[in-house]
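Engineer: With the sequence up front, the predicted model follows.
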Amino acid sequence: MSTQTLTATRAVASDQPLTQRFNTPHPIWLGLASGCFLWLSFPPAAWGPLAWAALVPLFLLIKSERSRLSIYFGAWLGGFTFWMLALNWIVCIDAEAALGWVTMALVLSLFWPLFLAIARPPVRTLKLPLMIVAPAVWVALEYVRAYFLTGFPWYYLAHSQYKLLPLIQISDITGSLGVSLLMAVANALIVDVLTLPLMQPTKNGPKLTRSMMLRFGTFGIGLVLTLAYGALRMGTAKFEPGPRVGLIQSSIMQRYRVGKTAEDILAEYEGLIARAARTQPTPDLIVWPETSYPYGFVKIDSSLPADQFAAQVKSYDDEGKPEEWKLKREGVDAHLHTWVDTMKIPMMVGSTTYDFAATGFNRYNSAILFEPGKSTIQSYHKLHLVPFGEYVPLLKTFPWLTALTPYRNGHVPSLTFGGVPSWFEHGKYRYATAICFEDTVPQVTRRLFAEVPDSKSPDVLLNLSNDGWFTTKDEDGTIHGSSEHEMHLAVSVFRSIEHRAPLARAANTGISAVVDGNGRVIAQLASGKSDILVAEVPLDPRTGLYTSVGDWLGLSCLATTIGLIPLTWYLPRRRLKSAQAAA
């Protein structure tokens, strides 16, 4: 073959998309590949770089010419595979929680074929660039997941990069969805490289086509600007000395049929708190995990008539007596106040609050601040309850829903939603508290910063959590954490960056940690261990635009996505009518 012929052959080949020169795998294999690759991007494997290409097989289905049935089934199967693998930690709760695990995976898996149903028509019918459509739709659906069925904003693309600090600093402008968008663009770019002509022949040899140059340029500029902004924000951060906190991490497996008595649980915390109190310098605040005080905290409205109080007691506990609840209130109150007065160290206690009020009985998941020398308390009631964990929606209508929970024998949680955010003032610091998964829900955490009664933002975000549901135990009694622990920490890191506020987490079974305003984990405890973490929290005087504007990017992508749906229905019909009129 002559040199000229060989050159011409190469030029023609370079003008062909790679997918035309090689067989594209069946949609089932493409869906499964995306599901497995995406799972490997997150803990426990945590191969973060893989997430930049994990969605390529799924995005290829947008352009696939296979049958619709195989395409949508492949997408669903990939989504189901991902969520089954990612949420395997749910079965740590109880063997009977397997039904809830499968149900949750089935529901979340529907987002994958829904993504295809929305993204395919604009790309295939309207000929809009995949690199615009796919990222916008993907981010819109991530945003929707933050609200869908009370919200599950875990496993965003961005969360796989939580250790890549220069990249994720943009979260203080866009929220974590900005990082997801950039990564989705990278995945779409790879698909365009595979499906569009990459090179064009010229007299000086093959060169990139103009459309590919535009695509590479757009992504390159976005990536460079993101990293440059991250370097600038990290390089100009000026942290200030803040409070010294003692974070208590117990190792109590939180199953419904827990074998420990209240006395055993309290003894473990007493030992850990005594260790924290002995450290030097002395902590400014000791923080308990979520609902860790085993006796609960009782409030009784002094204006509540005796007969109404008795009726409220009866409504919660058939065998309860008003006198016993009054004695419990006095005993718990005296115990905790005496404790902090003796230590001379304030404590943020995670506890259930039994509130007998004139408006009715409520049971809250609370954080309560006890301060030395003060008979009053400050408290915050959890705003965002976890369905099936803290309450069962529609239980009266569908009693069988208890099968999706670890609760049996009529013991079903019925906590009350907190009404409004509240803050803790102690010394010169203002604390905001997110309980359990609240630090993973961006719109909930944002309320703690955006709805302050004055211009003073919280100095520190505290997270009291109980990840003890998601642990396993060896035959020798050794407790191990699951991937849920690291994922919980990974998601919470973005809350620090979004609001430029340090985060201190006290978690039963882990991972307790201190995170600075750049999202850097500066100290942490091993998962599943009983231990204390005493550290100074670095204050961050900066603020984040995200605090003021919220999820503008998610809303923009959602608006774009919603707009695409009627557009893909209207424009083809208009073109058809025009063609018919011209004929």
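Structural biologist: Yep, it's here.

Engineer: my read is L336 is in a helix, agree?
Structural biologist: Yes. Under DSSP: H, G, I helix; E, B strand; the rest coil, L336 sits within a helix.

Engineer: quick check: domain ranges of the chain?
Structural biologist: 11-236, 244-383+418-549 (automatic domain parsing).

Engineer: would you turn the ones you listed into CSV with mean neighbour count, distance to R573 and mean pLDDT?
Structural biologist: C-betas here are computed from N, CA, C, even on glycine. Formatted as CSV, those follow (neighbours: other CB atoms under 10 Å; distance: least, CB to CB, whole Å; pLDDT from 0 to 100):
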stretch, mean neighbour count, distance to R573, mean pLDDT
domain 11-236, 19, 11, 93
domain 244-383+418-549, 19, 37, 94
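
Engineer: Export those domains as TSV, with columns for distance to L555.
Structural biologist: Formatted as TSV, these follow (distance: least, CB to CB, whole Å):
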stretch	distance to L555
domain 11-236	7
domain 244-383+418-549	10
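
Engineer: Quick check: which of those domains is nearest to I562?
Structural biologist: domain 11-236 (8.1 Å; CB to CB).

Engineer: I'd guess K326 is in a helix, am I close?
Structural biologist: Yes. Counting by three-state DSSP, K326 is part of a helix.

Engineer: Please list all residues in contact with it.
Structural biologist: I300 (CB atoms under 8 Å, 6 or more residues apart in numbering).

Engineer: quick revisit: which one of the domains of the chain lies closest to T560?
Structural biologist: domain 11-236 (4.8 Å).

Engineer: Centre of the chain to that closest one, how far?
Structural biologist: 18 Å (CA atoms, centre = their mean, to the nearest Å).

Engineer: Then stretch 353-372?
Structural biologist: Centre-to-centre, stretch 353-372 and its host chain are 27 Å apart (CA atoms, centre = their mean).

Engineer: one step back: the domains of the chain: which one's closest to L564?
Structural biologist: Per CB to CB, nearest to L564 of these: domain 11-236, 4.9 Å.

Engineer: The domains of the chain: which one's closest to W569?
Structural biologist: domain 11-236 (8.1 Å).

Engineer: Is S422 located within a strand, as I assumed?
Structural biologist: No. Read with three-state DSSP, S422 is coil and lies in no strand.

Engineer: going forward can the numbers begin at 857, since that is how I track them
Structural biologist: New numbering, starting at 857: the last item is S1278.

Engineer: Longest helix in the protein, by number of residues?
Structural biologist: Taking DSSP state H as the criterion, the chain has its longest helix at helix 1408-1438.

Engineer: so what does that helix touch, helix or strand wise?
Structural biologist: With contacts taken as 3 or more CB pairs under 8 Å, 6 or more residues apart in numbering; DSSP states H and E, helix 1408-1438 sits against helix 967-980, helix 986-1001, helix 1033-1051.

Engineer: if we go to 10 Å?
Structural biologist: Applying 3 or more CB pairs under 10 Å, 6 or more residues apart in numbering; DSSP states H and E, we find helix 1408-1438 packed against helix 967-980, helix 986-1001, helix 1027-1030, helix 1033-1051, helix 1401-1405.

Engineer: Could you save those as TSV and add columns showing distance to T1092?
Structural biologist: Shown next, in TSV, are these (distance: least, CB to CB, whole Å):
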stretch	distance to T1092
helix 967-980	38
helix 986-1001	28
helix 1027-1030	13
helix 1033-1051	19
helix 1401-1405	15
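
Engineer: now for the domains of the chain, which one comes closest to K1433?
Structural biologist: Closest among the domains of the chain, using CB to CB: domain 867-1092, at 15.2 Å.

Engineer: quick revisit: and the longest helix of the chain, average pLDDT?
Structural biologist: Per-residue pLDDT values across helix 1408-1438 average out to 85.
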